[in-house]
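Novice: Turn this into a model:
(chains A and B)
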Amino acid sequence: MNAAKHNETGVISRAVLEIDVNNHPGVMSHVVGLFSRRAYNVEGILCLPVGDRSRSRIWLLLDEDGRLAQMIKQVAKLEDVISIRRHAGDHAVFGDMEGFFKP
Amino acid sequence: MTEHLNGAQITVRLLERQGIRIVFGIPGGAALPLYDALGQSAVIRHVLARHEQGAGFMAQGMARVTGRPAVCIATSGPGATNLLTAIADAKLDSIPLVAITGQVPRALIGTDAFQEVDTYGLSIPITKHNFLVSSAEELLRVIPRAFAIAASGRPGPVLVDIPKDVQMEFFDIAEWPEPGAALPSQAADPELIARAAAMINAAERPVLYLGGGVIHSGAADLAVDLAEKANLPTVMTLMALGAMPVDHPLSLGMLGMHGTRQANLALDECDLLIAVGARFDDRATGKVEQFCPRAKIIHIDIDPAELDKIKTAKVGIAADVRDTLTRLLPATVENQRKTWVDRIHALRRQFPFHMPDPDDPRSHFGLIRAVAACLDDNAIIVTDVGQHQMWAAQAYPLRRPRQWLTSGGLGTMGFGVPAAIGAALAEPQRTVICFTGDGSILMNIQELVTAAQENVNVKIVLMNNETLGMVHQQQTLFYGERLFASQFVATPDFVRVAQGFGIAAVDLDQAGDPHAALAEAIDRPGPRLIHASIDAEQKVYPMVPPGAANREMIGH
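Specialist: All right, here's what the predicted structure looks like:
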């Protein structure tokens, strides 16, 4: 169940997670630690404060594999996570950033 | 009236307001303000451990018998790293713990200061939540919240790291916060309760599978009621032992790697598995694809992340076990289930538990039974980790929730002695037995002097086979009998070691009447070490080989 899912053209399917969190120095470690301990690769990370800066929004770009549903539950369990939403892998948030990642 | 207090005094006052009366710890440089404030407390007693891991397990012993968060304290650096094993152990067994650590002053954080370590970073993956406190004022929110998090939902450890300058910073307090308490959990969906009840009512061969969550939620009585009403043969995990008395007619005992044949074979045949506060741990399920291959699953757990993690449930209920069983009971119908109950009786007759020499106190099972014969159900039974742990799980007649304290998930050798001390301090009216081995006891042997200092009513039953017995067993069975690093070349004289620490000790090997010597050691109040040599060739059976299905048990 750990194998990455491939779409019909053989490309690894991607998923995007949108996570609202309390904004403090440790929160990013809490979130990404859940992925690293499971050797679950995070392809992309974006994070900025939201509104009055008491909260931040983290966007993660991930390979979609059989563990994703469990990962979402584990993230949702963190005390500092307020909400988590799942989007399709082609969500504009990472597409719009591509210009900053030219080799 | 406004009070002018520093962070350390605020912390101690908040602990007092939480109802904390005993804390376990060891002082050190970055915790000195906290200890200065603790020394002024008229209501909190500090128990000085001899290693921070010991302090952590003493707090665990207290939390396991009371069900309420207990507190351990350490200084920065090595104090904090020494606590980590006890914290990780609490995480895996869902034990409510609040660990407070001193940290170097904020101005020195990140400079590789003396006794500085990234306690916050180190504790992230082994705590339910953790805090690095940045002001004295913040303590007023953090400490009550730490207790609320530790006790709410699925319990677990919370670490609060307090820099020394925060401990020394003064703040004017006009109003104290309410103590942190467990938040009410979401009620079970009535639709799911109805579906679960319909499945139980329609099942022909159901099995009730109880885990540690049944103990944590105080639902053991309801689980027994449900089993009796619907005639559900019942298996228990290592963590759930005591939830249903082992001699209850519906109890099949423990499932899994060293479970009973009747439990594992009944699971193999069942058509409905009702998992309650259990998490399908690999030691319980064996090869998971072949665990309960014919069964639909109802899974009740307060942690939504446990549902569908290992096995997909037909009905998954993310809610408190006690609340759910309360609602489920009236929806189930009484059912004789004669065919299935007859089949269970047949399994029992065909595969009785094989207990050689139950009446010989010089054998491993006989010793455990002889200890039990000296006690009633009020006793608390603590174990260390290894063969003795599994033999005690198999042979001790456990009949009461919170009677049995053992390191299940992390399997930490060294758990036993300090956990027994914490249990004895929490409930001094009870006799506490600690079954241990010669490998395990050496991992926290220094706490014998803490047992002497506190004069706790702990009887340590040391089953000495001069080996790391479980390693010896697995090397014998699965590594071509190539015994390596599992037999001790040198073994201390444990009786003299105990006496050196200030604890009376008896050697059953030398006793003319071991029953009488055992009874005398157990009856006399205060700490005792009871040493007994056992045969290193004895195995824990039955055994599911690692990676095999539960039906493929080897041994007797």
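Novice: what's the burial count for the residue of chain B at minimum distance from chain A?
Specialist: Here chain B gets closest to chain A at one residue, residue B:305, 3.9 Å apart by Cβ to the nearest Cβ. (Each C-beta comes from the backbone N, C-alpha and C, glycine too.) Applying other Cβ atoms under 10 Å in any protein chain shown, we find 19 residues neighbouring residue B:305.
Novice: List the contacts of residue 90.
Specialist: Just going to use chain A. By Cβ atoms under 8 Å, 6 or more residues apart in numbering or on different chains, the residues touching residue A:90 are residue A:14.
Novice: meant chain B actually
Specialist: If you count contacts by Cβ under 8 Å, 6+ apart, then residue B:90 has B:56, B:60, B:63, B:96, B:97, B:156, B:157 around it.
Novice: got it, and residue B:464?
Specialist: Residues near residue B:464 by Cβ under 8 Å, 6+ apart: B:437, B:438, B:491, B:494, B:531, B:532, B:533, B:534.
Novice: Okay, and the beta partners of the first one?
Specialist: Taking DSSP bridges, one finds residue B:463 as the beta-bridge partners of residue B:437.
Novice: Correct me if wrong: it contacts residue B:384.
Specialist: Yes - here residue B:437 reaches residue B:384: they are 5.9 Å apart, a contact under Cβ atoms under 8 Å.
Novice: confidence score at the residue of chain B closest to chain A?
Specialist: pLDDT, residue B:305: 97.
Novice: what's the answer for residue A:11, then?
Specialist: So, for residue A:11, pLDDT stands at 63.
Novice: swap in residue B:269?
Specialist: 98.
Novice: In contact with it, which residues?
Specialist: B:205, B:294, B:343.
Novice: on that earlier part again, so which of the contacts of residue B:90 comes closest to residue B:219?
Specialist: residue B:96 (16.4 Å; Cβ to Cβ).
Novice: how near is that closest one to residue B:181?
Specialist: Distance of residue B:96 to residue B:181, given as Cβ to Cβ, to the nearest Å: 11 Å.
Novice: can you list residues touching both of those two?
Specialist: Taking Cβ under 8 Å, 6+ apart as the contact rule, residue B:96 and residue B:181 both touch residue B:151.
Novice: the more surrounded of these two?
Specialist: Comparing residue B:96 with residue B:181 by other Cβ under 10 Å, the one with more neighbours is residue B:96, at 27 against 15.
Novice: I'd say the more buried one and residue B:148 touch.
Specialist: No - the criterion here is Cβ under 8 Å, and residue B:96 misses it with residue B:148 at 10.2 Å.
Novice: Which of the three states applies to the residue positioned nearest the centre of chain A?
Specialist: Taking Cα atoms, centre = their mean, the centroid of chain A lies closest to residue A:60, which sits 2.2 Å from it. Recorded secondary structure, residue A:60: strand (DSSP: H, G, I helix; E, B strand; the rest coil).
Novice: what pairs with it across the strands?
Specialist: residue A:17, residue A:45.
Novice: and residue B:480, how many residues sit next to it?
Specialist: If you count neighbours by other Cβ under 10 Å, residue B:480 ends up with 8.
Novice: pretty sure it is in a strand, no?
Specialist: No - judged by three-state DSSP, residue B:480 forms no part of a strand; its state is coil.
Novice: Which positions in chain B make contact with chain A?
Specialist: Neighbours of chain A within chain B, by Cβ under 8 Å from any Cβ of the partner chain: B:120-121, B:124-125, B:128-130, B:132, B:149, B:303-305, B:308-309.
Novice: at 6 Å instead, please
Specialist: B:124, B:125, B:129, B:304, B:305, B:309 (Cβ under 6 Å from any Cβ of the partner chain).
Novice: all strands for the stretch 451-556 of chain B, in order.
Specialist: With strands called from DSSP state E, counting those that start in this stretch, the stretch 451-556 of chain B shows them at B:458-464, B:504-507, B:528-533.
Novice: Output the second one as CSV, nothing but the C-alphas.
Specialist: This file holds the C-alpha atoms of strand B:504-507, laid out as CSV (Å, rounded to 0.1, in the frame of the first residue of the first chain):
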residue,chain,number,x,y,z
ALA,B,504,15.7,-6.6,52.6
ALA,B,505,16.1,-9.6,50.2
VAL,B,506,15.4,-13.3,50.3
ASP,B,507,16.8,-16.0,48.1
